[in-house]
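J.: Predicted coordinates and the sequence they were generated for:
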Amino acid sequence: MKLAILSRSLRAYSTQRLRTAAIDRGHQVKVLDTLRFGIDLTGDEPDLHFRGRPLSVYDAVIPRVGASVTYFGTAVVRQFEQMDVYTPNTANGIMNSRDKLRASQILSRHNIAMPATALVRNRDEVRGAIELVGGAPVVLKLLEGTQGIGVILAPTTKVAEAIIETLHGANQQVLIQRFVQESRGRDVRALVVGDRVVASMRRRAQGEEFRSNVHRGGTVEKVDLEPAYEEVAVRSAHIMGLRVAGVDMLEGEHGPLVMEVNSSPGLRGIEAATKLDVAGAIVDYVADQSGFPDIDVRQRLAVSTGYGVAEIAVLAGSELVGRTIAESGLLEMDVQVLTLHRGTRVTPNPGPGKVLEEGDRLLCFGRHEGMRSLIPARSRRPKRVRRLPKQPIHDVPGQAEALVR
Ligand SMILES: Nc1ncnc2c1ncn2[C@@H]1O[C@H](COP(=O)(O)OP(=O)(O)O)[C@@H](O)[C@H]1O
Ligand SMILES: [Mg+2]
């Protein structure tokens, strides 16, 4: 395999370990400075330049895109994707995981347990949000912090309000999160590669500190994770679109609470704590997958006019409940079922004999016309844009002040 490692710091431990692991396995490998790329959209096909010259052909790329270069770094990764070069972490995955709020929004849709979190912008809403997550003490977080910087424990509601007001004044968004006290300054980091956790460690905060980040003086030790923790870590990484990720979890009363998913996890701490060749596991996985670049299915399939991808929910009382896919009438409407989601389980390519149950969600590809009839009315949009009414703005009876607001 010819492998590119995207990195700003050529000498960093993680970069060097990946490079060494690739060489040891007989791969061709180059470490390329993320900021020396040029994105070329002038020709017929998407292309990349490096240091001003056309880039040679690579089989795979391992992006190590730091927070300071997210925009350009993900643009380069996206360009590799457009050129059908395999990457374990997609540009979307990297961007989604970088923003703590966006990550939580995506994960929460998939029943991943997380510490209760809220985001508000108006000062009138702050107190309610603090109560919503369980009251003080609360954890406050800047959206894009790393290494524990921008994570604060506010002991009282008053202090929390003061901090939030200050940050809002500086135009900073801040997450309000339940302080998971029962985790006692400890958390676990699971390193996900492909479909499994290859190494994991527990981090412990020092002294009075509640943040367990190594950069905040936290200590690490290897840990054998319970299956529930491993499963949540792998699912979280996959939901984010990452095949190489460091998933941080607090040990909650009822099991794992996912805090964040890191797309460029550091390797030094975890390799030292576990004595495992994590870099080698990453390189082996990438070599194994390099023939199967990720395809943005929605983007590709949406190209056929009149066809598209939709999720059909099997609601209570729907005539689909109890029918098999063959009996559902979907095939006759030129609709294919790609996956069936039932709770947290996913069945890829469900066969015609699969019986549908209430609560199932079907990811389908097919004619919009056919799928529209199966989507509940509230999400349908009127077909044509209506004429502007004679009186474009008017009072709604009983809501006269709505206009002034
Ligand atoms: N809700 C919480 N309850 C208890 N401890 C927390 C909570 N959120 C974060 N921490 C502690 O703070 C550390 C840093 O938080 P994290 O969200 O991972 O930010 P960063 O991206 O800066 O690492 C965590 O590793 C954990 O030890
Ligand atoms: Mg962290």
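T.: That came in fine, so what should we check first? Ligands and ions are numbered 1, 2, ... in the order given.

J.: can you give me the strands for the stretch 151-300 of the chain?
T.: With DSSP state E, counting those that start in this stretch as the definition, the stretch 151-300 of the chain shows strands at residue ranges 151-154, 174-178, 186-193, 196-204, 219-222, 244-252, 255-262.

J.: Isn't residue 311 up against residue 371?
T.: No. The criterion here is CB atoms under 8 Å, and residue 311 misses it with residue 371 at 9.4 Å. Using the backbone N, CA and C atoms, a C-beta is placed for each residue, glycine as well.

J.: Looking at the two, which one has more neighbours?
T.: Ranked by neighbour count (other CB atoms under 10 Å), residue 311 and residue 371 place residue 371 first, with 22 against 13.

J.: Pull out the buried positions in the host helix or strand of the more buried one.
T.: In this structure, residue 371 sits in helix 368-372 according to DSSP states H and E. For helix 368-372, the neighbour count (16 or more other CB atoms under 10 Å) marks 370-371 as buried.

J.: Stretch 103-113 now?
T.: 103-104, 106-107, 112-113.

J.: could I get the residues you listed as JSON lines with distance to ligand 1?
T.: Listed next are the buried residues of stretch 103-113 as JSON lines, based on distance: CB to the nearest ligand atom, whole Å:
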{"residue": "103", "distance to ligand 1": "10"}
{"residue": "104", "distance to ligand 1": "10"}
{"residue": "106", "distance to ligand 1": "16"}
{"residue": "107", "distance to ligand 1": "13"}
{"residue": "112", "distance to ligand 1": "15"}
{"residue": "113", "distance to ligand 1": "12"}
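
J.: Using TSV, lay out the residues you listed together with distance to residue 52, secondary structure and pLDDT.
T.: Putting the buried residues of stretch 103-113 into TSV (distance: CB to CB, whole Å; DSSP: H, G, I helix; E, B strand; the rest coil; pLDDT from 0 to 100) gives the following:
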residue	distance to residue 52	secondary structure	pLDDT
103	36	helix	94
104	40	helix	94
106	37	helix	94
107	40	helix	95
112	44	coil	94
113	48	coil	95
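
J.: Just give me the closest of the residues you listed to residue 324.
T.: Nearest to residue 324 among the buried residues of stretch 103-113: residue 112, at 30.6 Å, using CB to CB.

J.: wait, isn't the closest one in contact with residue 234?
T.: No. Residue 112 sits out of contact with residue 234 when judged by CB under 8 Å, with a separation of 11.1 Å.

J.: Can you pull the poorly scored residue ranges out of the stretch 201-350 of the chain?
T.: The stretch 201-350 of the chain contains residues with pLDDT under 70 at 294.

J.: circling back to that earlier point, list the residues that contact both of residue 311 and residue 371?
T.: Here residue 311 and residue 371 share the contacting residues residue 364, scored by CB atoms under 8 Å, 6 or more residues apart in numbering.

J.: Quote the end-to-end distance of stretch 385-396.
T.: 22 Å (CA to CA, to the nearest Å).

J.: Please point out which parts of that stretch sit buried.
T.: Per 16+ other CB under 10 Å, stretch 385-396 contains no buried residues.

J.: how about the CA coordinates for stretch 358-366, as PDB?
T.: Coordinates of each C-alpha in stretch 358-366 appear next as PDB, following Å, rounded to 0.1, in the frame of the first residue of the first chain:
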ATOM      1  CA  GLU A 358     -43.800  -1.100  15.000                       C
ATOM      2  CA  GLY A 359     -40.900   1.300  15.600                       C
ATOM      3  CA  ASP A 360     -38.800   0.000  12.800                       C
ATOM      4  CA  ARG A 361     -37.000   2.500  10.600                       C
ATOM      5  CA  LEU A 362     -36.300   1.600   7.000                       C
ATOM      6  CA  LEU A 363     -33.600   3.400   5.100                       C
ATOM      7  CA  CYS A 364     -34.800   3.200   1.500                       C
ATOM      8  CA  PHE A 365     -33.700   4.200  -1.900                       C
ATOM      9  CA  GLY A 366     -36.300   4.700  -4.600                       C
END
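
J.: contacting residues around the residue nearest to residue 316 when sequence neighbours are not counted?
T.: Once flanking residues are discounted, residue 316 sits nearest to residue 358: 5.3 Å by CB to CB, 6 or more residues apart in numbering. Going by CB under 8 Å, 6+ apart, residue 358 touches 314-316, 318, 321.

J.: and residue 358, helix, strand or coil?
T.: coil (DSSP: H, G, I helix; E, B strand; the rest coil).
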